[in-house]
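Asker: Predicted model, plus sequence, below.
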Amino acid sequence: MNASPRRTRVLLTALLLALGLLAGCTNETPATPDATRTPDAGVGEVTVADDGVQEITLETGDDYVFTPDTFTVAPGQVRLTVTNVATQLTHNFAFTAGAGPAEITEEIPLLAPGQSETIEFTVTATGDYPFECTFHTALGQVGTMVVSGPAADPSAGAATTSPTG
Ligand SMILES: [Cu+2]
């Protein structure tokens, strides 16, 4: 009567090992939902406008995803547009309070289906600034703005000057 429980344990061990291997193979599966949309051209690209302000457009839709959910800007002024291409869902856009290196209070409180709104703000501290759609934070509608690199100085044009000091 001893053989049966032992065999069961061996089988269990094999099963757990197999599960472990499977889990190891699926590490790349993202925890957040994938965007089901094909974003419009130019979406997610950080460009510098004629007035020297960095511009970026994010898109969201009838899913719970910002496209892109991560983008990088240089310290300086940022003009951020969020376009809601949804036909059903209302979203919003806000930087997560108390989460970034500095507070950004500019936000888009309400973005109805088909609406597009732009906010403008200045960032000086480098680092990661998490943002979210506060309606759908629990569904993973979050992202990160990374502020990195030397300051983007609108008056300096394309010239790069070494920091003094
Ligand atoms: Cu949302």
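Answerer: Nice, I can see it. What you see is a predicted model, and the numbers here were worked out from it, not measured in a lab. Residues are numbered from 1 along each chain as shown.
Asker: Count residues in the vicinity of D51, would you?
Answerer: The number of residues packed near D51 is 9, by other Cβ atoms under 10 Å. Placement of C-beta: from N, CA and C, glycine included.
Asker: Could you shift the numbering so residue one becomes 44, and keep it that way?
Answerer: In the new count, where the first residue is 44, that last one comes out as D94.
Asker: SS state for it?
Answerer: Following DSSP: H, G, I helix; E, B strand; the rest coil, we place D94 in the coil state.
Asker: Do you know the pLDDT at it?
Answerer: As predicted, D94 sits at a pLDDT of 95.
Asker: And it, how far from the ion?
Answerer: 30 Å (Cβ to the ion, to the nearest Å).
Asker: gap between that residue and P118?
Answerer: 17 Å (Cβ to Cβ, to the nearest Å).
Asker: before we move on, what about T126?
Answerer: Separation of T126 from P118 (Cβ to Cβ) stands at 25 Å.
Asker: Please name the residues that touch G143.
Answerer: Taking Cβ atoms under 8 Å, 6 or more residues apart in numbering, we find G143 in contact with A168, G170, D171, Y172, P173.
Asker: host element of L153?
Answerer: In this structure, L153 is located in strand 150-154 according to DSSP states H and E.
Asker: and the protein, which residues reach the ion?
Answerer: By the rule Cβ under 5 Å from the ion, the part of the chain lying against the ion is H134, C176, F178, H179, Q184.
Asker: Going along the chain, name the helices of the chain.
Answerer: 46-68 (DSSP state H).
Asker: Which residue ranges of it form strands?
Answerer: With DSSP state E, the ranges of strands along the chain come out as 90-91, 97-103, 113-116, 119-127, 134-138, 150-154, 159-166, 170-175, 185-190.
Asker: Measure how the fifth one sits relative to strand 159-166, angle-wise.
Answerer: It refers to strand 134-138. Here the directions of strand 134-138 and strand 159-166 differ by 0 degrees (axes from the mean of the first three to the mean of the last three Cα atoms, to 10 degrees).
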